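Visitor: Here is my input; please provide its structure:
(one chain, ligands or ions: 1)
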Amino acid sequence: MTTQQEKILILDFGSQTTQLIARRIREQKVYCEIHPYTMELEKIRDMAPMGIIMSGGPASVYDKDAPISDKGIFGLDIPVLGICYGAQLMTSQLGGRVERAEKREFGKAELEIVYRGGVFAGMESGGHRYQVWMSHGDRIENIPPDFTVSARSEHSPYAAIRHTKKPFVGVQFHPEVAHTLIGTDVLRNFIFGICNCKPTWTMHSFIETTVEAIQARVGEKQVICALSGGVDSSVTAALVHRAIGDQLTCIYVNNGLMRTGESESILQFFKEKSRLNVIDVNAENYFLERLAGVIDPEKKRKIIGHGFINIFEQEAGKLGDVKYLAQGTLYPDVIESVSFRGGAVIKSHHNVGGLPEVMKLDLIEPLRELFKDEVRELGLELGLPEEAVFRQPFPGPGLGIRIMGEINGERLQVLRQADVIVLEEMKSAGYYRKVWQSFAVLLPIQTVGVMGDERTYENVIALRSVNSVDAMTADWSKLPYDLLGRISNRIINEVRGVNRVVFDISSKPPSTIEWE
Ligand code: XMP
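Guide: The predicted model follows:
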């Protein structure tokens with residue numbers, strides 16, 4: 001569904017910061033895509049990007065199995081910017097030499113610019129030093145023919161190089177990271193000055209082109225969408241609804257494992273304000289019956305995941321002839337990253353993942369090109385309430401994986417009450433949006449306490465709050481003591497069945513965000 005005209009192609013050589021390059025470019029309102037370095041020359045030519053960026057990566061160009069992109073890229077008449085490994089590969093492919101550095105550079109370094117044009121347009125030379133961020137063990141020893149030096153650092157005589165006749169630039173530092181203070185200017189100079197892009201990629205233009213593309217693809221057919229109350233499915237529904245109105249039907253399955261009030265507000269918004277067709281299925285008993293007595297986390301997930309698919313299928317079957325399923329897949333899930341992301345199944349995430357195969361529906365994934373913060377911006381542009389747009393992620397199996405062991409109505413009630421207090425206090429202290437996720441976990445083990453003159457023997461609530469950028473890694477949030485104290489006091493005073501609150505100070509890895 002890509003309809004954008006101007007784009008920058010980012011070839012990924014496995015750097016941790018490849019996605020950051022894309023973020024930085026899109027912030028400049030220029031559309032870009034990340035593809036593996038193996039992308040065929042023919043495909044690159046068809047894509048006709050305005051410029052190509054070769055990312056960094058952990059390998060050395062002289063390794064036996066180093067990732068090598070097609071050298072024909074330099075014959076396409078398209079500007080190329082090589083970053084770190086990308087610059088070294090450019091050097092070696094065009095006839096220069098790269099070797100293991102005697103002094104490696106990791107972290108901050110000082111850059112001295114010797115050529116004030118190209119990516120360094122508008123910057124100072126002549127003794128002025130700019131802070132940049134380096135991360136390399138190899139360095140360029142000889143530059144290729146027709147290349148010249150543009151900048152140097154203490155340990156890199158060729159910290160930046162450029163072709164004297166063609167628009168090829170290599171930088172040893174990482175312009176995409178915040179520690180490179182001139183990073184944004186370097187990227188801007190490349191995309192606007194060298195590639196001649198225009199800043200036309202806005203959410204408004206994205207909505208226009210996507211709406212047209214959905215209309216053209218769907219025609220008169222019917223589309224369904226699973227609404228969860230989360231940001232991605234809400235924005236997907238709003239966008240598809242803008243394109244095809246009543247041809248879209250959303251199905252919301254209440255599995256009885258939602259937070260208090262979690263989905264009601266967004267459902268109300270959709271039903272009343274935007275007049276979306278929503279089938280609201282109350283399947284609380286269906287799920288709780290099947291979960292009775294189940295303790296194993298993976299079994300719980302499977303029961304919840306399969307149950308969802310069954311109910312969704314039943315309801316969709318009542319609608320008659322449906323051709324498409326709209327789904328809120330985001331760009332980070334789509335990128336065929338070269339980076340190693342781990343192979344073992346730690347937890348099986350069951351959401352709508354299995355639906356397309358089971359139901360033989362074609363997918364509409366209008367958010368495939370967007371990062372999470374762009375989805376939020378899009379949500380606001382589409383008129384969704386802020387509360388829905390800035391909601392923290394919530395797992396498909398819901399509170400089911402936040403109650404250790406067996407799930408039952410009584411435990412759900414205790415957890416919900418505690419969880420509401422966590423959310424209220426996080427919001428009023430201004431921390432709800434600052435952290436990635438914050439929630440209560442019920443540990444159904446009894447500990448001794450004393451309330452008034454009475455001995456108590458009740459449950460423990462664990463408070464979990466993490467900071468993260470993509471949920472792949474996470475650190476526990478350093479919440480202020482008085483906020484922690486208020487949460488603990490309120491839970492113990494207001495929630496019957498809890499006499500102790502603990503704070504989880506584990507990071508991921510080795511722990512995970514959810515407790516099951
Ligand atoms: P973990 O616990 O694996 O969680 O560190 C990473 C992120 O994924 C969410 N999560 C899930 N999301 N279905 C989902 O849709 C699931 O089964 C599931 N399990 C974990 C979790 O909330 C966190 O954001």
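
Visitor: what mean pLDDT does the host helix or strand of Asp373 have?
Guide: If you go by DSSP states H and E, Asp373 is part of helix 372-381. Summarised as a single mean, pLDDT over helix 372-381 is 94.

Visitor: could you check whether that helix is close to the ligand?
Guide: No: Helix 372-381 does not reach the ligand (C-beta under 6 Å from any ligand atom); its nearest approach is 11.2 Å. To be clear about C-beta, it is placed using only N, CA and C from the backbone, and glycine gets the same treatment.

Visitor: List the buried residues in that helix.
Guide: Lys372, Glu374, Val375, Arg376, Glu377, Leu378, Gly379, Glu381 (16 or more other C-beta atoms under 10 Å).

Visitor: neighbours around the nearest residue to the first one once chain neighbours are set aside, how many?
Guide: In this case it means Lys372. Take Lys372 and drop its neighbours on the chain: the residue closest to it by C-beta to C-beta, 6 or more residues apart in numbering is Leu330, 6.2 Å away. The burial count assigned to Leu330 is 19, neighbours taken as other C-beta atoms under 10 Å.

Visitor: Tell me which residues touch Leu330, please.
Guide: Leu330 is in contact with Asp232, Leu367, Arg368, Leu370, Phe371, Lys372, Val375, counting by C-beta atoms under 8 Å, 6 or more residues apart in numbering.

Visitor: Repeat that for Met404.
Guide: Going by C-beta under 8 Å, 6+ apart, Met404 touches Val441, Leu442, Leu443, Pro444, Trp515, Glu516.

Visitor: sorry, back to before: top of the contacts of Leu330 by neighbour count?
Guide: When neighbours are taken as other C-beta under 10 Å, the top entry among the contacts of Leu330 is Leu367 (26 neighbours).

Visitor: Return the backbone torsion pair for the residue in the stretch 1-150 of the chain that the ligand sits nearest to.
Guide: When distances are taken as C-beta to the nearest ligand atom, the stretch 1-150 of the chain reaches nearest to the ligand at Gln19, 17.0 Å away. Dihedral angles phi and psi of Gln19 (degrees, to the nearest 10) take the values phi -60, psi -30.

Visitor: same check, this time on Ile207
Guide: phi -60, psi -50.

Visitor: number of nearby residues for it?
Guide: Close neighbours of Ile207, defined as other C-beta under 10 Å, add up to 18.

Visitor: For the closest residue to Leu288 other than its chain neighbours, list the residues it contacts.
Guide: Spatial nearest neighbour of Leu288, chain neighbours left out: Gly256 (5.4 Å); criterion: C-beta to C-beta, 6+ apart. For Gly256, the contacting residues are Ala283, Glu284, Asn285, Phe287, Leu288, Leu412, by C-beta under 8 Å, 6+ apart.

Visitor: element containing Gly256?
Guide: Under the assignment here (DSSP H and E), Gly256 is part of no helix and no strand.

Visitor: For it, report the pLDDT, please.
Guide: pLDDT recorded at Gly256 is 95.

Visitor: Next: Ala292.
Guide: On pLDDT, Ala292 comes in at 97.

Visitor: mind listing what it touches?
Guide: By C-beta under 8 Å, 6+ apart, the residues touching Ala292 are Glu406, Ile407, Asn408.

Visitor: where does the closest residue to the first one other than its chain neighbours sit relative to Trp436, distance-wise?
Guide: By that I understand Glu406. Excluding the flanking residues, the one nearest Glu406 by C-beta to C-beta, 6+ apart is Ile295, at 5.8 Å. Going from Ile295 to Trp436 by C-beta to C-beta, to the nearest Å gives 28 Å.

Visitor: Looking only at neighbour counts, state which of the two leads.
Guide: Between Ile295 and Trp436, counting by other C-beta under 10 Å, Trp436 is the more crowded of the two (17 against 12).

Visitor: quick one: pLDDT of that one?
Guide: The model reports Trp436 with a pLDDT of 96.

Visitor: And for Tyr331?
Guide: For Tyr331, the model assigns a pLDDT of 82.

Visitor: which ones are touching it?
Guide: Leu367, Arg368, Glu369, Leu370, Phe371 are the contacts of Tyr331 under C-beta under 8 Å, 6+ apart.

Visitor: Strands of the stretch 301-450 of the chain, start to end?
Guide: Ranges of strands in the stretch 301-450 of the chain, per DSSP state E, counting those that start in this stretch, are 322-326, 362-364, 437-451.

Visitor: ok, and for the last one, which residues are buried?
Guide: Of the residues in strand 437-451, those buried under the neighbour-count criterion (16+ other C-beta under 10 Å) are Gln437, Ser438, Phe439, Ala440, Val441, Leu442, Leu443, Pro444.

Visitor: Just the CA trace of that strand, in PDB.
Guide: What follows is strand 437-451 as a C-alpha-only set of coordinates in PDB (Å, rounded to 0.1, in the frame of the first residue of the first chain):
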ATOM      1  CA  GLN A 437       3.900   0.000  31.300                       C
ATOM      2  CA  SER A 438       2.800   0.100  35.000                       C
ATOM      3  CA  PHE A 439       0.500  -2.400  36.600                       C
ATOM      4  CA  ALA A 440      -0.400  -4.600  39.600                       C
ATOM      5  CA  VAL A 441       0.300  -8.400  39.700                       C
ATOM      6  CA  LEU A 442      -1.600 -10.600  42.200                       C
ATOM      7  CA  LEU A 443       0.500 -13.200  44.100                       C
ATOM      8  CA  PRO A 444      -1.900 -15.500  45.700                       C
ATOM      9  CA  ILE A 445       0.400 -16.500  48.500                       C
ATOM     10  CA  GLN A 446      -0.600 -15.500  52.000                       C
ATOM     11  CA  THR A 447       1.600 -13.500  54.300                       C
ATOM     12  CA  VAL A 448       1.000 -12.300  57.900                       C
ATOM     13  CA  GLY A 449       0.100  -8.800  58.700                       C
ATOM     14  CA  VAL A 450      -1.600  -6.800  61.400                       C
ATOM     15  CA  MET A 451      -4.500  -4.400  60.900                       C
END
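
Visitor: which outside residues touch that strand?
Guide: For strand 437-451, the surrounding residues in contact (C-beta under 8 Å, 6+ apart) are 259, 392-393, 402-406, 411, 414-415, 418-419, 421-423, 426, 431-432, 455-466, 468, 477, 491, 499-500, 504, 513, 515.

Visitor: Leu257 and Gly398 touch, don't they?
Guide: Yes: using C-beta atoms under 8 Å, Leu257 is in contact with Gly398, at 3.3 Å.
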